[in-house]
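Participant: Return a 3D structure for these sequence lines:
(one chain, ligands or ions: 2)
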Amino acid sequence: MAHRGPFVVIEGLDRSGKSTQAEALIKRLQDEKIPSKLIKFPDRSTPIGKLIDSYLRSESELDDHVVHLLFSANRWEVASSIVKDLQAGTLVLCDRYAFSGIAFSASKLKPDSPEPPLAYEWCRAPDVSLPAPDLTLFLDILPEKAKERGGFGEERYEKEEVQERVRVIFDRIGEEVESAGAGRWLVLDGGLDQEEVEKSIWAEVKPLTKGTTAPIQKLWDKTREAAMLSALYI
Ligand code: Z5A
Ligand code: MG
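Facilitator: Numbering: from 1, shown residues only. Ligands and ions are numbered 1, 2, ... in the order given. Presented below is the predicted three-dimensional model:
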């Protein structure tokens, strides 16, 4: 059976060092001559990404539903190219993915209502069937430590109370990813020195660099099938 490249995602709380680690890992993979490619969400360079960028900088206002769907569309724009690259044997490394999409949207609150404006299940729906990562490395960091790092507080969601709620939702996502059996979800300490985090990431990624014969899975497809089946029996 032909080998394909693995799909690795780096997720985590704000300022946990995702982009720093993604850059260091891609450099190492390239130094070791492992075919690899780095992508990032939001991809602010596309027409959809430009709308997201303006919203994040608070230069424009968008309905919560609309911005959530734009973030998802920004992933669907490149979903087929991710699959193509994996099939060609390239390791695809992704800095934030659909998990950030759910965590940030489902953690929103409105001052005039106790109900969150976007339900968790609603937030997950547009990303169902995207290519599922083989491995998600979640960089954990205490919000008070993240706040001490450069750049915190410049954009819309970079507030300590938002990050606390986001953290709770990420925990739920991690449990669901693990129990669905579609890829691994591994929590790493992003509060350590940069070199130590690099080492712990490399220990997990190195064994994957030989490629895999496993089929590319789809995000939450099993959940969708189960939901459809249970609907049939109601
Ligand atoms: N968002 C969403 O709502 N829906 C979605 O579907 C998606 C995203 C995909 C922008 O994302 C926002 O979009 C984000 C989620 C939301 N909102 N928030 N909040 P982004 O990916 O563009 O965000 P960013 O601007 O790149 O920030 P970040 O990703 O949170 O940061 P990071 O990548 O985790 O950290 P970093 O840039 O690598 O490092 C931050 C600083 O810490 C920097 O000065 C480093 O030099 C320093 N650093 C890094 N590692 C260390 C260690 N180990 N020790 C000490 N200092 C360190
Ligand atoms: Mg980043």
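Participant: near ligand 1, which residues of the protein?
Facilitator: Counting by CB under 6 Å from any ligand atom, the chain comes close to ligand 1 at 12, 14-20, 41-42, 56, 71, 96, 100-101, 104, 149-151, 155, 157-158, 193-194, 197. For glycine as for every other residue, the C-beta is placed from the backbone atoms N, C-alpha and C.
Participant: Not counting its neighbours along the chain, what's nearest the residue most central in space within the chain?
Facilitator: The C-alpha lying nearest the average C-alpha coordinate of the chain belongs to residue 97 (CA atoms, centre = their mean; 2.5 Å). What sits nearest to residue 97 in space, not counting adjacent residues and going by CB to CB, 6 or more residues apart in numbering, is residue 9, at 4.6 Å.
Participant: can you pull the contacts of the residue in the chain positioned nearest to ligand 2?
Facilitator: For the chain, the residue closest to ligand 2 is residue 19, as judged by CB to the ion, at 3.3 Å. Each residue near residue 19 by CB atoms under 8 Å, 6 or more residues apart in numbering is listed here: 40, 95.
Participant: Kindly state the beta-bridge partners for the closest residue to residue 129 other than its chain neighbours.
Facilitator: Leaving aside its chain neighbours, residue 129 sits nearest to residue 218 (4.6 Å; criterion: CB to CB, 6+ apart). Beta-bridge partners of residue 218, counted by DSSP bridges, are residue 131.
Participant: List phi and psi for the residue lying closest to residue 189 once chain neighbours are set aside.
Facilitator: Using CB to CB, 6+ apart and skipping the chain neighbours, the partner closest in space to residue 189 is residue 140 (6.1 Å). With angles defined as degrees, to the nearest 10, residue 140 sits at phi -100, psi 140.
Participant: burial count for residue 140?
Facilitator: Counted with other CB atoms under 10 Å, the neighbours of residue 140 add up to 17.
Participant: and if you look at residue 220?
Facilitator: Residue 220: 22 neighbours (other CB under 10 Å).
Participant: thought it was touching residue 182?
Facilitator: Yes. Residue 220 lies in contact with residue 182 (CB atoms under 8 Å); the separation is 7.5 Å.
Participant: Now for the two: what residues contact both?
Facilitator: residue 132.
Participant: who touches the nearest residue to residue 35 once chain neighbours are set aside in this structure?
Facilitator: Closest residue to residue 35 apart from its sequence neighbours, by CB to CB, 6+ apart: residue 90 at 4.6 Å. Residue 90 makes contacts with 5, 35, 36, 37, as judged by CB under 8 Å, 6+ apart.
Participant: same for whichever helix in the chain runs longest, what does it pack against?
Facilitator: The single longest helix within the chain, with elements called by DSSP state H, is helix 64-87. Applying 3 or more CB pairs under 8 Å, 6 or more residues apart in numbering; DSSP states H and E, one finds that helix 64-87 makes contact with strand 36-40, helix 47-56, strand 91-95, helix 98-106.
Participant: List the buried residues of the helix or strand hosting residue 186.
Facilitator: Assigned by DSSP states H and E, residue 186 belongs to strand 184-189. Buried residues in strand 184-189, counted by 16 or more other CB atoms under 10 Å: 185, 188.
Participant: what's the pLDDT at residue 141?
Facilitator: Note on residue 141: pLDDT of 93.
Participant: Next, count neighbours for it.
Facilitator: Neighbour tally, residue 141, other CB under 10 Å: 22.
Participant: For it, which residues are in contact?
Facilitator: 12, 13, 15, 16, 17, 189, 190, 191.
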